[in-house]
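1. for reference, the sequence and a predicted model appear below.
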Amino acid sequence: MISSKYWPTAWCYHAYALTHFSTVFRLKIPKLRYAREIIPTVDGGQFPIEWYDPENRGLEAISKGNTKPICFFVPPLADTAQSSSFRTMVPIAYKAGYQPVVLNYRGMTSVPLLNPIM
């Protein structure tokens, strides 16, 4: 039960202004570095998974001797590993001691779609 009237913040009073502010703010989040691994599928397709690699060490260096638990992210249908939500969550998971991995769907990013099955 609500006991008092809701008042939005003074610096961003209107909902449209809040939407605009969040869009501008997300543009300032830097792009993340990933090491890409291509996973082939039994139907002849492929999909990429992106291993977070802030030091730009490469896929072999990430997998060799890495004992961190994996934190696996699956984006919504239209998003990729560079979407604003992952650009904030992935570094947080990494700092918490996890090895973040993001699944990209077939045909997304620069990986070609090899068959018409999505």
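-> Arrived safely. Treat the numbers as computed from the prediction; the structure is a model and nothing was measured.
2. please, which helix or strand holds the residue nearest the centre of the chain?
-> The chain has F86 as the residue nearest its centroid, 2.9 Å off, counting by CA atoms, centre = their mean. Applying DSSP states H and E as the criterion places F86 in helix 84-95.
3. quick one: mean pLDDT over that helix.
-> Averaged across helix 84-95, the pLDDT comes to 88.
4. same check, this time on stretch 15-35
-> On average, stretch 15-35 scores 79.
5. chain center to it: distance?
-> Here stretch 15-35 is found 13 Å from its chain centre; the criterion is CA atoms, centre = their mean, to the nearest Å.
6. kindly report the same for stretch 63-73.
-> 16 Å.
7. again with stretch 50-62
-> So, by CA atoms, centre = their mean, the centroid of stretch 50-62 is 15 Å from its chain's centroid.
8. distance between the ends of that stretch?
-> Between the opening and closing residues of stretch 50-62 lies a distance of 11 Å (CA to CA, to the nearest Å).
9. buried residues in it?
-> Residues of stretch 50-62 classed as buried: E50, W51, Y52, D53, I62 (neighbour count, 16 or more other CB atoms under 10 Å). The way it works is simple: take the backbone N, C-alpha and C, and place the C-beta from them, glycine included.
10. same check on stretch 106-118?
-> R106, M108, V111.
11. mind putting the residues you listed in CSV, pLDDT included?
-> Converted to CSV, these look like this (pLDDT from 0 to 100):
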residue, pLDDT
R106, 78
M108, 73
V111, 77
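12. right, I'll leave it there.
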